[in-house]
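no sequence on this one, just coordinates:
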C-alpha cells in the first residue's frame with residue numbers, strides 16, 4: 001500500500017492521488033437490476049470531475065451548501081467529492097425523514113442545490129419549496145416517474161455531467177483549472193456538515209473541516225491497517241457520521257472499494273456476494289442476524305441441531321482464545337478446526353462474513369453473549385465509542401485487548417478525561433469547529449480549555465478502557481437513594497432477542513419500571529411454532545403467553561442487576577408491553593433509531609402513571625403516522641404486570657403478582 005501523505009488535507013486531493021496510485025483498481029461498485037457495475041479510481045475521477053464542472057456551469061459558487069438525499073448510490077457519493085472540490089459544503093439528509101423534517105434542515109443550512117435519489121425525494125422538497133427559499137436547483141439520480149415534471153429548476157444528474165463534459169471540451173484548460181483549484185483548496189474550510197439525530201431537540205449542523213476529517217481518517221486507517229485491497233458494503237444512512245467516516249473518509253485515505261447495495265432489502269444477499277473485509281453494524285443488526293440463525297435452527301433436523309449446539313459450545317470454549325492467538329490445547333484446536341468445516345465456515349458464508357478482517361459495532365451496548373458469539377466464530381468484532389462532534393472515533397479497541405463490557409481506550413491522538421461529575425470529555429483530531437448558526441450551543445458543548453462535553457457518564461477501568469454508563473443527564477436516583485441508570489437497564493433488557501426496545505423510568509420514584517416493545521420477527525416465529533395465531537403486532541404484544549415469556553426475560557434481567565451492587569436497587573418492579581412499535585415517523589425514535597426519552601415520557605404519561613398507581617391495565621389511544629404520511633389512531637387496553645425482584649446475589653426477594 002502506498003502510504004497516505006498526511007500533508008494532503010482534503011478528500012478531493014486524495015481523489016487525484018488515488019486516480020494515480022490506484023488507477024485501475026475498483027473504487028466503487030453498485031448493484032443495479034441484479035448486476036454489479038464497477039468504476040475504477042480513474043473512472044470515478046472522470047465522473048466526479050464532469051459533475052463538478054457541470055455544477056459550475058449552473059452557477060455554483062464557493063461556500064454553497066448542497067443537500068444530498070437518498071440511499072447509498074455512487075452518484076450521491078460522487079456529489080460529496082464534487083462539491084468539496086469546488087469549495088462547497090455537502091449536507092447529507094436522512095432519506096426516510098418526513099418532508100417537514102427535511103425542509104427544516106435544508107432551510108436551516110441555506111442549501112442552494114439538492115442532489116436527490118428519486119421522485120419520492122423530489123416530491124418531498126417540492127411540497128415544502130416555499131419554506132426553503134435558498135433552494136434553486138433540484139438534481140435527481142433516478143429518472144423514473146419524473147419525465148413529465150416541469151423542467152424549471154429540475155434536471156438529471158447525467159444532464160449536469162453532460163454540461164460539464166461539453167464545457168471541458170470547449171475549453172481545454174478547464175480540467176487543469178479544476179485540478180489546480182483542488183490543490184489550492186484549504187483544509188481549514190468546512191468539508192461536511194452533518195446534522196445530529198435530534199435526540200433532545202432540533203437537529204444541529206455539525207461542521208467538520210477537511211483537515212480534521214482527513215487527520216481522523218488517517219489515524220484509524222493506520223490503526224486497522226486498511227489498504228486498497230480492502231472492501232466495504234456501504235449500506236448505512238448517508239446522513240449518519242458513521243457512513244461518511246467509515247466508508248467515504250476511510251475509503252479515500254486507504255483506497256479501498258466501496259460497494260453500494262441494490263436496496264436496503266437486498267443488503268443480506270449483497271453482503272454475501274461481496275464478502276467485505278471491513279464491516280460495521282449497530283448491535284441491533286447483529287441481534288437480528290443471531291435471531292435469524294436461531295429461528296432457522298429451530299426448524300432444522302435433529303442431526304443439524306446437534307451439530308449446531310455441539311460446535312457452538314466448542315466455539316464458546318475456545319473460539320475467542322484462538323482468534324486472539326492465546327494458548328489452546330491441541331484437542332480444543334482440533335475440535336474447533338472440525339467445527340470450522342462443519343459449522344463456522346458455512347455459517348459465516350451464509351452471513352456474508354467469510355472475508356471479514358475487522359468488524360465494529362457501536363451506538364448502543366452489545367450483549368456479552370451476542371458479542372462473544374460472533375467473536376467465537378472467528379470474526380474480529382470490536383467496539384468503538386464515538387460522536388458526530390468527534391467525526392466518529394473517541395475510543396477504539398485494539399486487537400488482542402477486546403472486551404464486551406468496555407468500548408476500549410482512547411483512539412489514536414484522542415485525549416479523554418472524566419469530569420468531576422462523571423461526564424466523559426475529549427479532544428480529538430477530528431473534532432468539530434462548531435454548530436452552524438448556533439454559537440451559544442457551540443459554547444455550551446465545549447469546556448473553557450477546549451474539550452467536548454459528550455453528555456455521557458462513564459469511567460476508566462483498571463485496564464484503561466472506558467465504560468459508558470448512560471447519558472449523564474439521565475442518570476438519577478430512586479427515592480431510597482439507589483442509582484438509576486436507565487440506558488444500562490434498557491440495554492440489559494434488549495440483550496434478549498424477544499425484546500426490541502425498552503424505555504426505563506424511575507428517577508425520583510419509589511421503584512424502576514419499563515415500557516417494552518417485542519421483536520415481531522422473533523416473537524412471531526415463536527408464536528408460529530406454538531400454534532398461536534395473531535393478526536397484528538398489537539394483538540401479539542397483548543397475548544397472555546407473550547407476557548409470560550417477556551416476564552421471564554425481565555426476571556433474568558433483575559437477577560443480573562441484583563448481582564451488581566451499584567444497580568441492585570434499580571430492578572424492574574412493573575412493566576408493560578406497548579401496543580405499538582416505537583417509530584421515528586411518530587417522533588418516538590431518532591432517524592438513527594435512538595429513543596427520544598422525554599418525548600416518549602410525555603406522549604405516554606398516562607401509561608407511566610398507571611405503572612406507578614398500581615393499575616393492572618390502562619386504555620390508551622395513540623396517533624400514528626402511516627408510510628404515505630396520513631395520520632391515524634391505534635387504541636388498546638394495555639396490561640401492566642408486576643415482576644419478580646431479587647436480593648443481593650440473585651435470590652428471590654419479592655414474588656411477582658399473578
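Thanks, I have it. Just so it is clear, the structure is predicted and the values come from calculations on it, not from any experiment.

pull the longest helix from the chain.
Assignment by DSSP state H gives helix 302-323 as the longest helix of the chain.

Just the mean pLDDT for that helix, thanks.
Mean pLDDT, computed over helix 302-323, is 94.

C-terminal to that helix, what's the next element?
Remark: after helix 302-323, the chain's next helix or strand is helix 330-339, criterion DSSP states H and E.

can you give me the angle that next one makes with helix 302-323?
130 degrees (axes from the mean of the first three to the mean of the last three C-alpha atoms, to 10 degrees).

which stretches of the stretch 1-150 of the chain form strands?
Ranges of strands within the stretch 1-150 of the chain are 26-32, 35-40, 65-69, 89-93, 113-116, 137-140, based on DSSP state E, counting those that start in this stretch.

just so I know, which of those lies nearest residue 208?
Taking C-beta to C-beta, strand 89-93 is the member of the strands of the stretch 1-150 of the chain nearest to residue 208, at 9.8 Å. The way it works is simple: take the backbone N, C-alpha and C, and place the C-beta from them, glycine included.

Which strands border the closest one, and is each parallel or antiparallel?
strand 65-69 (parallel) (DSSP bridges).

wait, isn't residue 204 in contact with residue 197?
No. Look at residue 204 against residue 197 with C-beta atoms under 8 Å: they stay out of range, at 9.9 Å.

Can you tell me how far the residue positioned nearest the centre of the chain is from residue 221?
A centroid search over the chain (C-alpha atoms, centre = their mean) returns residue 282, at 5.4 Å, as the residue closest to the centre. Per C-beta to C-beta, to the nearest Å, residue 282 is found 22 Å from residue 221.

Output the longest strand belonging to this protein.
strand 631-642 (DSSP state E).

before we move on, the earlier item: any chance of the strands of the stretch 1-150 of the chain in CSV, with distance to residue 342 and mean pLDDT too?
Listed next are the strands of the stretch 1-150 of the chain as CSV, based on distance: least, C-beta to C-beta, whole Å; pLDDT from 0 to 100:
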stretch, distance to residue 342, mean pLDDT
strand 26-32, 31, 97
strand 35-40, 31, 97
strand 65-69, 46, 97
strand 89-93, 44, 97
strand 113-116, 48, 97
strand 137-140, 50, 96
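
residues in contact with the closest residue to the residue nearest to the centre of the chain other than its chain neighbours?
Leaving aside its chain neighbours, residue 282 sits nearest to residue 363 (4.2 Å; criterion: C-beta to C-beta, 6 or more residues apart in numbering). Neighbour list for residue 363: 242, 282, 283, 592, 594 [criterion: C-beta atoms under 8 Å, 6 or more residues apart in numbering].

Kindly report the same for residue 552.
Counted by C-beta under 8 Å, 6+ apart, residue 552 has zero contacts.

swap in the one 4 residues further on?
Applying C-beta under 8 Å, 6+ apart, one finds that residue 556 lies in contact with residue 496.

do residue 142 as well
Residues in contact with residue 142 (C-beta under 8 Å, 6+ apart) are 117, 118, 119.

Could you check how far the first one is from residue 169?
Relative to residue 169, residue 117 is positioned 29 Å away (C-beta to C-beta).

May I ask which helix or strand encompasses the residue lying closest to residue 494 once chain neighbours are set aside?
The shortest distance from residue 494 to any non-neighbouring residue, by C-beta to C-beta, 6+ apart, is to residue 502 (5.7 Å). For residue 502, the host element (DSSP H and E) is strand 499-505.

hang on, isn't residue 183 packed against residue 15?
No. Residue 183 lies out of contact with residue 15 (C-beta under 8 Å); the separation is 11.6 Å.

higher neighbour count, those two?
With neighbours defined as other C-beta atoms under 10 Å, residue 183 and residue 15 compare such that residue 15 has more, 23 against 11.

okay, and for the stretch 351-500 of the chain, where does confidence drop off?
Within the stretch 351-500 of the chain, not a single segment meets pLDDT under 70.

likewise the stretch 1-150 of the chain?
1-6.

Dihedrals phi and psi, the residue lying farthest from the centre of the chain?
Distance to the chain centre peaks in the chain at residue 170, reaching 44.7 Å (criterion: C-alpha atoms, centre = their mean). Note on residue 170: backbone dihedrals following degrees, to the nearest 10 are phi -70, psi -30.

Just give me the neighbour total for the closest residue to residue 39 other than its chain neighbours.
Closest residue to residue 39 apart from its sequence neighbours, by C-beta to C-beta, 6+ apart: residue 28 at 4.6 Å. Using other C-beta under 10 Å, the number of residues around residue 28 comes to 23.

Which residue ranges of the stretch 551-658 of the chain form strands?
572-577, 617-625, 631-642, 645-646, 652-654.

These: lowest mean pLDDT?
strand 652-654 (a mean of 53).

so where do the helices sit in the stretch 101-250 of the chain?
Under the criterion DSSP state H, counting those that start in this stretch, helices of the stretch 101-250 of the chain are mapped to 119-127, 157-170, 174-184, 210-223, 241-243, 250-254.
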